[in-house]
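K.L.:
I would like the atomic coordinates for the input below:
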Amino acid sequence: MIEKKSMLCPNCRRLISNDEPACPYCGVTRPGAPWKRVFAEVISLRRFDPVMAIIAVNAAFYLFSLLLNPAAIGLSANPMAFLSPSDGSLFLLGATGTLPIAYGRWWTLISAAFLHGGILHIFFNMMALRQLAPFILDAFGLHRFAILYVWTGVAGFFVSYLAGVPLTIGASAPVCGLIGAILYYGKSRGGFYGEAIYRQAMGWVVGLVLFGLFLPGINNWAHGGGIVSGLVLAFITGYHEWRKETSIHRILGTGSIVIAAAALLWAVIQAIYHMTVL
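P.N.:
Here you go, the predicted structure:
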């Protein structure tokens, strides 16, 4: 009797025999090849909760922005301005817009999505992220989620830069990117379920439009750019029911995470350096 060993497929993570010529679930060839198993372990993000990781990074950068200049923390009775970091702190940590980019700080198109201007600002953005991101993770997969989150934020802030917004921050640009991806998913999938998802996402869009019309200081350009880029990227990358995640998705998703992490690390180094020198 020959004893067979089991393993998780490096592509779909289903339990299979390690001597299968191809995965019976996803069709990837030679799933037991050592290099494929090592590669999958290196680039797989499934061991982490990406939503909580993003929330933790946002919280850490918010606290850091307050600690950079504690004397300038906003203690206004206005709830939208309560516990707000100074513009100088936000600039050093990677706020974006025409002003930072005029100094060649293009990397701020990434870092700005992890900065917030007050306790309510970060609270509402993280609540929206916590509600929307699990659906994207389930429908699109982990690596396509990473692509969507990082690059719709960049696209949203780039649109606001073209529109002449001098200084801007907030996770609402990539959150709007997720809404755009959900709109595409709902309309593309169709049927009762798809239409229900589409109507719910449209409700978010209407709420964002009304929010932007009645509250000052809202970057509607970034919101619009995020939604449109979310639609486009969702169309390009596809979702699980239409196209399974491929090695290209995994490479691009992991690359997006690495680029975002590098931009945030550079933001911290820049901020500490300038605070030390000054």
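
K.L.:
could you measure residue 63 against residue 119, distance?
P.N.:
Separation of residue 63 from residue 119 (CB to CB, to the nearest Å): 11 Å. Every C-beta, even on glycine, is put in place using the N, C-alpha and C of the backbone.

K.L.:
That should have said residue 159, apologies.
P.N.:
Distance from residue 159 to residue 119, by CB to CB: 27 Å.

K.L.:
Excluding chain neighbours, what is closest to residue 94?
P.N.:
Spatial nearest neighbour of residue 94, chain neighbours left out: residue 111 (2.8 Å); criterion: CB to CB, 6 or more residues apart in numbering.

K.L.:
other SSEs contacting the strand or helix carrying that neighbour?
P.N.:
Element membership for residue 111, per DSSP states H and E: helix 108-111. If you count contacts as 3 or more CB pairs under 8 Å, 6 or more residues apart in numbering; DSSP states H and E, helix 108-111 packs onto helix 98-102, helix 142-162, helix 247-277.

K.L.:
quick one: contacts of that helix?
P.N.:
Residues outside helix 108-111 that contact it (CB atoms under 8 Å, 6 or more residues apart in numbering): 93-97, 100-101, 150, 153-154, 157-158, 161, 259-260, 263-264, 266-267.

K.L.:
Now which of those residues would you call buried?
P.N.:
Among the contacts of helix 108-111, those classed as buried by neighbour count (16 or more other CB atoms under 10 Å) are 93-97, 100-101, 150, 153-154, 157-158, 161, 260, 263-264, 266-267.

K.L.:
thinking again about what came up before, please state the offset of the helix holding residue 111 from the chain centre?
P.N.:
12 Å (CA atoms, centre = their mean, to the nearest Å).

K.L.:
How about stretch 239-248?
P.N.:
So, by CA atoms, centre = their mean, the centroid of stretch 239-248 is 18 Å from its chain's centroid.

K.L.:
What are the buried residues along that stretch?
P.N.:
Buried positions in stretch 239-248, judged by neighbour count with 16+ other CB under 10 Å: 239, 244-246.

K.L.:
what mean pLDDT would you report for that stretch?
P.N.:
Averaging pLDDT along stretch 239-248 gives 89.

K.L.:
And it, end to end?
P.N.:
End-to-end distance of stretch 239-248: 14 Å, with CA to CA, to the nearest Å as the criterion.

K.L.:
So what touches that stretch?
P.N.:
Outside stretch 239-248, the residues touching it (CB under 8 Å, 6+ apart) are 11-12, 26, 138-144, 185, 188-189, 237.
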